[in-house]
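**Q** What would the 3D arrangement of this be:
(one chain, ligands or ions: 3)
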Amino acid sequence: MAKKKTILDLYKMKENGEKAAWIVLYDSCFASYAEEAGVDMILCGDSMGMIVYGNAGTVPVTMDMSIAHCQGVRKGAPNTYLIGDLPFGSYHISAEDAVRNAIRFYKEADVDAVKLEGGVAVADKIKAITEAGMVVFGHIGLTPQSSASMGGFKAQGRTVESAKAIIEDAIAVYKAGARTLLLEGVPEEICAYVHKMLPIPVYGIGAGIDCDGQVILAADSLGMYKNFTPKFAKKYVDIAAMATQGIEDYVKEVKEEAFPAPEHKYKISGDPEEFAKLFEEMKPFFEK
Ligand SMILES: Nc1nc(=O)c2c([nH]1)NC[C@@H]1CN(c3ccc(C(=O)N[C@@H](CCC(=O)O)C(=O)O)cc3)CN21
Ligand SMILES: CC(C)C(=O)C(=O)O
Ligand SMILES: [Mg+2]
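**A** Ligands and ions are numbered 1, 2, ... in the order given. From the prediction side, this is the model:
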């Protein structure tokens with residue numbers, strides 16, 4: 001089994017031009033598949049609010065939900081670099097709050113890093129968490145926690161003005177001490193430029209290929225989520241179709257009494273005559 005990566009391994013990968021592949025998931029089963037498949041990092045994302053809990057966005061996710069899911073992921077993937085995703089409201093009020101909640105991820109869910117959304121506006125929080133000895137991943141561009149102010153899940157950085165804001169955010173995140181940066185939902189030119197200019201690993205989701213690695217939701221890449229698929233998601237298998245088919249088969253077999261079959265049943269141990277006697281003896285007790 002491969003040894004768990006550290007932040008230094010991520011820097012080494014960048015140096016060697018080896019792309020990092022991370023995946024977003026929220027439970028121990030899928031975490032174990034990802035570890036076995038050799039993923040470089042797992043993000044226990046606040047997209048759980050949509051994928052697991054059926055909300056329209058990520059805003060309702062709480063620290064307690066994030067910690068509980070992260071604990072499951074860690075148990076399923078004990079040897080994979082794990083990132084906790086600070087949910088909306090867990091780092092916005094004050095730097096002190098941000099540090100307290102980042103510490104919860106480290107103490108309670110054994111993460112290797114925490115990620116938070118935003119640039120210039122949250123630089124003080126990134127700095128405070130970093131100074132407390134933790135690893136911060138920045139996340140800018142399309143930031144789902146602030147979709148209300150962006151008018152939805154909209155690609156960012158398509159105009160010169162918007163691109164400038166993203167570049168300023170990237171610089172602020174780097175200067176605040178973030179050890180890596182994730183760019184979401186931006187044109188590839190913006191990602192390529194930020195990747196060329198910053199010394200830290202720059203990863204992308206919907207940001208093109210010119211960076212140090214890619215992120216995708218397991219729910220999108222495995223075909224689990226049916227509400228929508230972002231333009232940048234690729235479906236590698238169709239779990240929804242397989243699961244629906246499997247449940248259909250189960251329902252049919254129950255109706256037809258094809259399930260359970262003999263191999264799914266327990267056997268009595270002892271003399272069947274004795275059981276017959278017992279059943280007879282107990283009969284009166286069923287009468288009211
Ligand atoms: N299933 C899923 N996949 C994701 O990648 C994802 C989530 N959910 N939820 C949290 C955030 C939100 N993300 C999203 C959600 C939707 C689009 C989307 O539909 N975008 C449109 C373009 C919108 C525009 O720019 O106007 C697209 O065609 O990709 C993009 C990113 C990325 N994250
Ligand atoms: C979209 C990814 C990067 C994320 O933050 C999440 O899934 O929560
Ligand atoms: Mg997230």
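**Q** Near the residue in the stretch 51-200 of the chain that ligand 3 sits nearest to, how many other residues are there?
**A** The stretch 51-200 of the chain approaches ligand 3 most closely through residue 85 (4.4 Å), counting by C-beta to the ion. For the C-beta atoms, the positions are set from N, CA and C on the backbone; glycine is no exception. Burial of residue 85, expressed as a neighbour count using other C-beta atoms under 10 Å, amounts to 27.
**Q** Check the one 5 residues further on too.
**A** Residue 90: 25 surrounding residues under other C-beta under 10 Å.
**Q** Give me the secondary structure label for it.
**A** At residue 90 the chain is in coil, as set by DSSP: H, G, I helix; E, B strand; the rest coil.
**Q** export the host helix or strand of residue 240 as PDB, just CAs?
**A** Per DSSP states H and E, residue 240 falls inside helix 239-255. Once side chains and other backbone atoms are set aside, the C-alpha atoms of helix 239-255 remain, and they are given as PDB (Å, rounded to 0.1, in the frame of the first residue of the first chain):
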ATOM      1  CA  ILE A 239     -23.900   4.100 -11.400                       C
ATOM      2  CA  ALA A 240     -27.400   5.600 -11.400                       C
ATOM      3  CA  ALA A 241     -28.400   3.200 -14.300                       C
ATOM      4  CA  MET A 242     -26.700   0.300 -12.600                       C
ATOM      5  CA  ALA A 243     -28.300   1.000  -9.200                       C
ATOM      6  CA  THR A 244     -31.800   1.500 -10.700                       C
ATOM      7  CA  GLN A 245     -31.500  -1.800 -12.600                       C
ATOM      8  CA  GLY A 246     -30.300  -3.600  -9.500                       C
ATOM      9  CA  ILE A 247     -33.100  -2.400  -7.400                       C
ATOM     10  CA  GLU A 248     -35.600  -3.200 -10.100                       C
ATOM     11  CA  ASP A 249     -34.300  -6.800 -10.200                       C
ATOM     12  CA  TYR A 250     -34.600  -7.000  -6.400                       C
ATOM     13  CA  VAL A 251     -38.200  -5.800  -6.400                       C
ATOM     14  CA  LYS A 252     -39.100  -8.300  -9.100                       C
ATOM     15  CA  GLU A 253     -37.500 -11.200  -7.300                       C
ATOM     16  CA  VAL A 254     -39.200 -10.300  -4.000                       C
ATOM     17  CA  LYS A 255     -42.600 -10.300  -5.800                       C
END
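**Q** Now it: average pLDDT?
**A** Rounded to a whole number, the mean pLDDT of helix 239-255 is 98.
**Q** That helix and ligand 1 in contact?
**A** No: legend: contact between helix 239-255 and ligand 1 by C-beta under 6 Å from any ligand atom is lacking; minimum distance shown is 12.1 Å.
**Q** What parts of the stretch 101-250 of the chain come near ligand 3?
**A** Counting by C-beta under 5 Å from the ion, the stretch 101-250 of the chain comes close to ligand 3 at no residue.
**Q** For the closest residue to ligand 1 within the stretch 101-250 of the chain, grab the count of nearby residues.
**A** Residue of the stretch 101-250 of the chain nearest ligand 1, by C-beta to the nearest ligand atom: residue 231 (3.1 Å). The local packing count at residue 231 equals 7, with neighbours defined by other C-beta under 10 Å.
**Q** okay, and for the protein, where does confidence drop off?
**A** Counting by pLDDT under 70, the low-confidence segments of the chain come to 1.
**Q** ok, whichever residue of it sits closest to ligand 2 - how many residues close by?
**A** With distances taken as C-beta to the nearest ligand atom, the chain approaches ligand 2 most closely at residue 45, which sits 2.4 Å away. Using other C-beta under 10 Å, residue 45 has 29 neighbouring residues.
**Q** other SSEs contacting the helix holding residue 240?
**A** Contact partners of helix 239-255 among helices and strands, from 3 or more C-beta pairs under 8 Å, 6 or more residues apart in numbering; DSSP states H and E: none.
**Q** Having no further points to raise, I will conclude here.
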